[in-house]
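[1] Show me how the following folds:
(one chain, ligands or ions: 1)
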Amino acid sequence: MSRDPRINAAAHTTTPSARERILVALSGGVDSAVAALLLQREGHDIVAAYMKNWINEDGVIGHCPWEQDIEDARAVAGRLGIEFRVVNLIEDYRHLVVDYLLENYQRGLTPNPDVMCNREIKFGAFLRYARAEGFSAVATGHYAQRVHAPDTPGGYRLLEGADKNKDQSYFLALLSGAQLAAARFPIGHLEKPELRRLAAEAGLPNAQKKDSQGICFIGQVKMADFLKAYVPDQPGPILRASDGQRLGEHRGLHYYTLGQRRGIGIPSNTDNKAYVVVGKRATDHALLVAFDEPRAPGLWTHEAHVHGLSFINEPIRAHAQIEARVRYRDPRIPIHFIPETNAAPPSIESSGEAPETHANGSTDCAAVKTATHPAAATSFAAQIRFAAPQRAIAPGQIIALYRGEELLGGGIFSPS
Ligand SMILES: Nc1ncnc2c1ncn2[C@@H]1O[C@H](COP(=O)(O)OP(=O)(O)OP(=O)(O)O)[C@@H](O)[C@H]1O
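    The predicted structure is shown next:
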């Protein structure tokens with residue numbers, strides 16, 4: 001239960017909702033299966049849909065078991081006796097997630113495809129499809145809680161999932177208020193063991209299925225293999241940051257992330273000390289390394305700049321003491337948020353709601369791209385001061401902003 005009285009008040013005012021027509025995103029996993037089960041028990045009119053997001057056309061990066069996932073999802077829908085659809089979003093996914101991923105890696109940044117998939121696909125293209133098909137909302141199996149909050153501009157707040165070990169609010173950090181209003185997270189109040197118990201009790205065929213590892217093609221293959229297939233190698237020197245000494249050669253800066261220790265390929269000549277990536281230099285295409293210790297230049301920081309900020313409700317317009325999570329599964333940490341005065345705060349309707357939908361429900365990718373492409377999200381930026389120094393804050397990585405367990409919004413760490 002939240003310690004924030006506004007949130008508790010809001011949560012208690014959440015009344016059983018009226019019957020709605022909801023499209024459930026059914027992945028074949030157990031979480032979304034139970035999401036569908038619970039909505040059905042609440043009496044909603046539900047249809048299930050599997051999103052086809054990615055096809056490994058060339059078979060270059062290994063096996064991605066989407067066909068099995070579709071069959072598992074179909075079996076769940078069959079057990080629940082609900083209509084099942086397969087929605088093809090491959091083109092949108094390619095433009096809005098894969099291009100973003102590759103562009104970012106090519107620029108030496110550290111992108112987050114899961115965060116962008118939520119904003120651009122699940123609550124972007126998929127939500128637009130749902131609307132065009134007459135649904136009022138999209139439900140997923142995310143561990144996050146949406147609570148009614150009439151005192152907010154958007155009408156809802158987003159809280160961490162009740163199961164702190166499974167909480168997925170970080171991945172929802174770039175959702176707008178409008179996207180949240182149309183989202184349903186029916187399992188957000190559950191702990192995973194209880195969810196599996198409900199699945200087994202209801203006879204769901206995937207009750208014991210192993211948890212997936214994020215986005216299919218990333219989860220099932222090594223990122224390095226994916227990049228090798230799509231981004232040409234561009235070798236450069238590996239330099240010791242302290243004195244510029246050349247230690248070796250790398251295959252391309254996109255293979256490395258700030259803070260990375262494994263896979264650099266430079267043996268340390270000093271006992272108990274290993275090299276770590278501390279920077280990437282565009283001018284000479286150099287990978288900078290140092291021994292992994294607190295004084296390693298560029299590895300630890302007290303401050304960072306963020307851009308592309310979006311907020312679920314009110315934008316933070318003044319200095320504020322809040323909390324942030326700089327990586328999924330990291331604890332929340334206290335921060336001082338300093339908004340940039342010359343940047344325009346985003347409107348709460350700013351992303352994910354591009355109106356361009358054709359009569360057949362397909363989306364116009366060019367229009368979507370202009371309106372919601374990650375690079376064009378918002379121009380709102382801020383300086384972040386961490387209460388304690390943070391290790392390996394990589395440009396391109398997502399920061400999620402919190403007040404207690406309430407997710408306020410998020411942004412993208414800027415290159416320095
Ligand atoms: N290909 C897909 N088709 C339909 N829905 C999907 C798909 N991939 C993910 N989702 C939706 O997004 C939610 C979160 O996705 P994630 O990949 O994190 O899955 P998860 O937490 O393992 O959940 P699940 O057990 O339902 O697979 C899922 O619960 C599901 O509602």
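[2] Quick check: the gap between the residue of the stretch 301-416 of the chain at minimum distance from the ligand and A173.
    Closest residue of the stretch 301-416 of the chain to the ligand, Cβ to the nearest ligand atom: Y328 (10.3 Å). No exception for glycine: its C-beta is placed from N, CA and C like everyone else's. Separation of Y328 from A173 (Cβ to Cβ, to the nearest Å) stands at 10 Å.
[3] more crowded one of the two?
    Between Y328 and A173, counted using other Cβ atoms under 10 Å, the more crowded position is A173 (28 against 17).
[4] Got the confidence number for the more buried one?
    Among the per-residue scores, A173 holds a pLDDT of 98.
[5] for the residue lying closest to it once chain neighbours are set aside, what are its contacts?
    With sequence-adjacent residues excluded and distances taken as Cβ to Cβ, 6 or more residues apart in numbering, A173 is closest to G410, at 2.8 Å. Contact partners of G410, counting by Cβ atoms under 8 Å, 6 or more residues apart in numbering, are V115, A173, L174, L309, S310, I398, I399, A400, L401.
[6] Those residues of the protein touching the ligand, which are they?
    25-27, 29-32, 50-51, 53, 122, 140-142, 211-212, 214 (Cβ under 6 Å from any ligand atom).
[7] Can you turn the buried part of these into a ChimeraX selection?
    Buried members of these, defined by 16 or more other Cβ atoms under 10 Å, are picked up in ChimeraX with:
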select :25,26,27,29,30,31,32,50,51,53,122,140,141,142,212
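[8] Tell me where the stretch 101-250 of the chain has helices.
    With helices called from DSSP state H, counting those that start in this stretch, the stretch 101-250 of the chain shows them at 113-116, 126-132, 177-181, 192-201, 216-220, 223-230.
[9] By mean pLDDT, show me the worst of those.
    Across those, helix 216-220 gives the lowest mean pLDDT, at a mean of 51.
[10] Return the set of residues that bridge with H148.
    Counting by DSSP bridges, H148 forms beta bridges with Y156.
[11] related to what we said a few turns ago, including mean neighbour count, could the helices of the stretch 101-250 of the chain go into CSV?
    CSV is the format used below for those (neighbours: other Cβ atoms under 10 Å):
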stretch, mean neighbour count
helix 113-116, 22
helix 126-132, 21
helix 177-181, 22
helix 192-201, 16
helix 216-220, 17
helix 223-230, 16
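[12] Could you dump the ones you listed into CSV and include distance to N88?
    Below are the helices of the stretch 101-250 of the chain laid out as CSV (distance: least, Cβ to Cβ, whole Å):
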stretch, distance to N88
helix 113-116, 19
helix 126-132, 10
helix 177-181, 21
helix 192-201, 28
helix 216-220, 15
helix 223-230, 21
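[13] dump the residue contacts of whichever residue of the stretch 101-250 of the chain sits closest to the ligand.
    Proximity of the stretch 101-250 of the chain to the ligand (Cβ to the nearest ligand atom) peaks at G141, 2.6 Å away. G141 sits next to A25, S27, G29, V30, D31, S32, A33, V34, A35, P186, I187 when contact means Cβ under 8 Å, 6+ apart.
[14] mind checking the backbone torsions on the residue nearest to A173?
    Dihedral pair for G410: phi -170, psi 180, per degrees, to the nearest 10.
[15] Now whichever residue of the stretch 1-150 of the chain sits closest to the ligand: closest residue in space, sequence neighbours ignored.
    Residue of the stretch 1-150 of the chain nearest the ligand, by Cβ to the nearest ligand atom: G29 (2.2 Å). Of all residues not flanking G29 in the chain, S212 sits nearest, at 5.3 Å (Cβ to Cβ, 6+ apart).
[16] Report pLDDT for the one you found.
    70.
[17] Surely it touches S27?
    Yes. Counting by Cβ atoms under 8 Å, S212 does reach S27; the two are 7.0 Å apart.
[18] Need the residues that contact stretch 192-206.
    By Cβ under 8 Å, 6+ apart, the list of residues contacting stretch 192-206 reads 28-31, 33-34, 37-38, 72, 75-76, 79, 163, 165-166, 187, 190, 207-208.
[19] how far is that stretch from where the chain is centred?
    When C-alpha coordinates are averaged (Cα atoms, centre = their mean, to the nearest Å), stretch 192-206 and its chain have centres 26 Å apart.
[20] quick one on the thing from earlier: need the buried ones from the contacts of stretch 192-206 selected in PyMOL.
    Here is the PyMOL command that selects the buried residues among these (16+ other Cβ under 10 Å):
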select buried, resi 28+29+30+31+33+34+37+38+72+75+76+79+163+166+187+190+207
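[21] Distance check, the nearest residue to Y328 once chain neighbours are set aside against Q397.
    Spatially, and ignoring its direct neighbours in sequence, Y328 is nearest to Y170 (4.6 Å; Cβ to Cβ, 6+ apart). Using Cβ to Cβ, one obtains 11 Å as the distance from Y170 to Q397.
[22] No further questions, thank you.
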